[in-house]
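1. Here is my input, please return the structure:
(2 chains)
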Amino acid sequence: MLDRRVAITGLGVVTPLGVGMDETWSALRDARGGVTEISLLEPGHFPCKIGGQLLDFSARNFVPKNYRKAVKVMARDIEIAVAAADLAFLDSGLVTRGLEGKGEPTVDSKRLGCNIGAGLICTELNELGTAVNTSVTDGKFDFKTWGTSGMNNLTPLWLLKYLPNMLSCHVTIIHGAEGPSNCITCGDASGHLAVGESALYIRRGAADVVIAGAAESKLNHMGLLRQGKLQRLCTTRNDQPAAAVRPFDADHAGTAIGEGGGLLILEDMEYAKHRGARIYAELVGFGAACDAQAIDVLRPTSGHLGLAVKNAVSSAGITPDDIDAIVTYGTGVPGEDAVEAAAWREALGERASEIPAVSFTGATGTMFAGASGVQLSVAAKCLAEQVIPPTVNFTRPAEGCAMNFAPETRPVKMRHVVTGAYTVGGQSGACVLKVSEN
Amino acid sequence: MEKRRVVITGMGSVNPLAHNAEDTWAALLRGDLAPSPIGLFDASTYPTTFAAQVKDFDFAARVPSAQKHKHAGRHCQFTLAAAIEAWKQSGLDAYSELDHQRLGVYLGSGEGSIDFENFVSLLIEAWDGRQVDTNLWPDLAFERMELYREVEQESNMVLAHLAAEFDVQGPAFNVLTACAASTQAIGEAVMQIRYGFVDTVITGGAHSMIHPFGVTGFNRLTALSTRNDDIPTSSRPFDMTRDGFVIGEGASILILETHEQAKSRGAKILAEIIGYGASADAFRITDQDPEGDGAATSMRAALADAGVTPEQIDYISAHGTGTKQNDQVETRGVKAVFGEYAPKVPMSSVKSMLGHLIAAAGATELITCVMALRDQILPPTANLHTPDPECDLDNIPNEPRKADVKTCMSNSFGFGGQNNTIILVGGESVVSSL
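-> The predicted model follows:
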């Protein structure tokens, strides 16, 4: 049982730094910032007016021609996932029915799984508002008018824009993935949990290839409101967006909302080797945990990330001494950075302050569920390149955050990289990736 | 690594028919019908004016720690009550050796309901005729909208409440694969235990979409029954006259653990889950694969995982929503898998009585399978008087049936094409196989 090994053979990321891993990676290496003044909506009186935006982005360019109509019923979260899936499959060299002009599919549909994590997809206020404002009597919402006619102002498929499983569903439909399909909704830990679970699909023989990760966009009215009420957003640096988000830095003062996501192609190692695939890394360990005191959402939690990382390291059959690099989350929210740093210390001991580490949130903003998919992709890329990109906006550690971040790109000899994420609500997940042996 | 056996040792449910598992079963055998006019808001002019609602639920009476969970939304309250019921039945409350770092939670919980009153009044007050005014809207929203009402809408927050209630420290997952969510959650929880990541899992599902925009969404999709003139019998799976599903709400929770732990602590084993399968239709977001191929793939995967043949299945708990499309597609899928045996395997839909609990449906239906295994009685499909010729399997019309039941299959198919199947055997079978 479980003797199958899992290779990572494709990366598809969409971030404020670029569409695709090549663009994102070169921006990361060059320490370019992707957080700017918000222009996708008029920031008005929102206290935080900066974010990591996807500009000129549409899933239309990432779907077969006959699927373009469906883009109209995709919330932005779904569009990100659909684009990331296209990029990931292209990167892997596998051919699915969703890739035009690449010839016959090379993947068995029944053996192709899909597991894409998502957050709570925010309602598009202007769309719903247009409908709601047709049903107002004396300044109040009028149920009777809404029931008879008001609701008809919403497109019939309105609900389908907002179901979180639609990230996976569109991807399965486009690419013909008929194997196990799931949608994990554990906030910012969703990507690690989805990838960890997907590895088990392969190891227990339920699938040979799985596309897994997460995507999200909270860069909208409801996202700005909710994250603002959670006191997670930086409101003091609207005039210097590129320098605003400072993970683990002494001057950290909150985060900014970014939008994006990352999907990885996981593949049975034998299958990958047999077809001569480029293998970024091997996924060798997974762990998860939760914080039993996370109902109080204003109290920072790491979701007991320390335990998740310990579980991931031990499931990889290695010890903390074998870890060569850490891809952290690092939201730049002071309380969160502190509990995250403590979690890495809990799991890895004193070495946690020495092991080269990175957070890219300073460059992208917090992409919530999407961040975890990007973290995993970056971890795989670090192993493949034997390079760790800089931590943008980190200059000196905040109290309790003594870890080995650097403002410049570092070549590091790495065999094992660990990455972990946690979320408001108290869940965490961690994965250990190992350098590919060929 | 050896495959570890996974058993059910506790169950709890809060649903439109009853507020615990035992009374739910009794109501299903009596043929009680849950649908009634919507009382949660004024739906009198909606295309659908009714739903299967949880009524007279007393959170404080059911959950002694209610004060700790004061921000819990409607479906989260149901979940806590169902989980406490299941936990007590399992006897884990008295098991001092429980390793809380090896205790996990795996739910298929829906999103929390929006703060409708504030949300809508702001959309009206801050509307500039074309869009929301981003000067006025944030001013009003930061003042009036409550932090917890907003955050509790994230579907992972139910996990936080369960973790706090039972001191869960191990892996915590939530999945939201629409109508398949809780079957998927239970199936994946089985895998977490079977392959050694955890020893004990609180699993199941919860949902309430009976709010003004939830019913709107399904009405716009024309997925709901509009039988406003005969509400009690509106859910009619497999019947010619069926016209859509009846939206329900609730929560059902099961306690899963290793067979070894259950045996060593002397717990009563209610059933053993022996097989799980998952698939995707990969067809269309609005329609199921008309041939039922996705459903069949899921059933075949579960049979293979369980190591049983179709002929060994004694009962199928159908997804059976009562939409034109689902019931035909499901019938075709079962025929594709079961072949000549298909007409001989009894298959009913308790949604005919309970309504469709969306994310909570699969877990609730799995509980009825455990009860069927215990009592050797199959629950009926109510309101089935004029069978659809396209749905020509043995759907157990209207009356429960005594039967020799050793192995059950439970199916759930999600909107968007995610399919899940679980196969289980009764507690007696588990004991006799030792």
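2. can we go C-alpha only for contacts and neighbour counts from here?
-> Noted.
3. Dig out what A:G429 forms beta bridges with.
-> On the basis of DSSP bridges, A:G429 takes part in beta bridges with A:A288, A:A421.
4. Please tell me I have it right and it contacts A:G285.
-> No: taking contacts as C-alpha atoms under 8 Å, A:G429 lies outside contact range of A:G285: 10.8 Å.
5. if you count what's nearby, which of those two comes out ahead?
-> Using other C-alpha atoms under 10 Å in any protein chain shown, the more surrounded residue of A:G429 and A:G285 is A:G429, with 37 against 24.
6. What about B:L103, how many residues nearby?
-> Each residue near B:L103 was counted by other C-alpha under 10 Å, and the total is 26.
7. Can you list phi and psi of it for me?
-> Main-chain dihedrals, B:L103, degrees, to the nearest 10: phi -100, psi 120.
8. quick one: low-confidence ranges for chain B?
-> Counting by pLDDT under 70, the low-confidence segments of chain B come to B:1, B:428-434.
9. how many neighbours does residue 23 have?
-> No chain specified, so I'll use chain A. One way to gauge burial is a neighbour count; for A:E23, by other C-alpha under 10 Å, it gives 14.
10. ah, no, chain B please
-> Using other C-alpha under 10 Å as the criterion, B:D23 is surrounded by 14 other residues.
11. before we move on, what about B:D93?
-> Residues lying near B:D93 (other C-alpha under 10 Å) number 12.
12. and it, what does it touch?
-> Residues near B:D93 by C-alpha atoms under 8 Å, 6 or more residues apart in numbering or on different chains: B:W87.
13. ok, now how distant is it from chain A?
-> From B:D93 over to chain A the distance is 17 Å, taken as C-alpha to the nearest C-alpha, to the nearest Å.
14. My read is that A:V6 contacts A:L266, right?
-> Yes: with contact defined as C-alpha under 8 Å, A:V6 and A:L266 form a contacting pair (6.3 Å).
15. number of nearby residues for B:L40?
-> Using other C-alpha under 10 Å: B:L40 sits among 12 other residues.
16. Could I get the phi/psi values of it?
-> When quoted as degrees, to the nearest 10, the phi and psi of B:L40 stand at phi -80, psi -20.
17. Let me see the contact set for it.
-> B:L40 sits in contact with B:I210, B:H211, where contact means C-alpha under 8 Å, 6+ apart.
18. picking up where we left off before, what touches both of A:V6 and A:L266?
-> Both A:V6 and A:L266 are contacted by A:A199, under the criterion C-alpha under 8 Å, 6+ apart.
19. and those two? which has more neighbours close in?
-> Under the criterion of other C-alpha under 10 Å, the comparison of A:V6 against A:L266 puts A:L266 first, with 33 against 27.
20. Need the phi and psi values for that one.
-> Here the main-chain torsion angles of A:L266 (degrees, to the nearest 10) amount to phi -100, psi 140.
21. Check the gap between it and chain B for me.
-> Using C-alpha to the nearest C-alpha, which is the criterion applied here, A:L266 is 17 Å from chain B.
22. ok, that residue touching A:V210?
-> Yes: A:L266 lies in contact with A:V210 (C-alpha under 8 Å); the separation is 5.2 Å.
23. which SS state does the closest residue to B:P290 other than its chain neighbours fall under?
-> For B:P290, ignoring the flanking residues on the chain, the nearest one in space by C-alpha to C-alpha, 6 or more residues apart in numbering or on different chains is B:V329 at 5.6 Å. Under the three-state scheme (DSSP: H, G, I helix; E, B strand; the rest coil), B:V329 adopts helix.
24. cool, the one 3 residues further on as well?
-> Under three-state DSSP, B:R332 falls in the helix class.
25. count of neighbours near it?
-> Neighbours around B:R332, by other C-alpha under 10 Å: 23.
26. so it touches B:E291, yeah?
-> Yes: the pair B:R332 and B:E291 qualifies as a contact (C-alpha under 8 Å) at a distance of 6.1 Å.
27. Now do stretch B:356-365: everything it contacts.
-> Under the contact criterion C-alpha under 8 Å, 6+ apart, stretch B:356-365 has outside partners B:13, B:52, B:108-110, B:176-183, B:186, B:204-208, B:245-254, B:317, B:319, B:321, B:350, B:410-412.
28. buried residues in whichever strand or helix holds B:T368?
-> Under the criterion DSSP states H and E, the helix or strand holding B:T368 is helix B:361-375. Neighbour counts over helix B:361-375 (16 or more other C-alpha atoms under 10 Å in any protein chain shown) mark B:361-374 as buried.
29. and what of stretch A:37-50?
-> Counting neighbours by 16+ other C-alpha under 10 Å, the buried set in stretch A:37-50 is A:E37, A:I38, A:P43, A:G44, A:F46, A:P47, A:C48, A:K49, A:I50.
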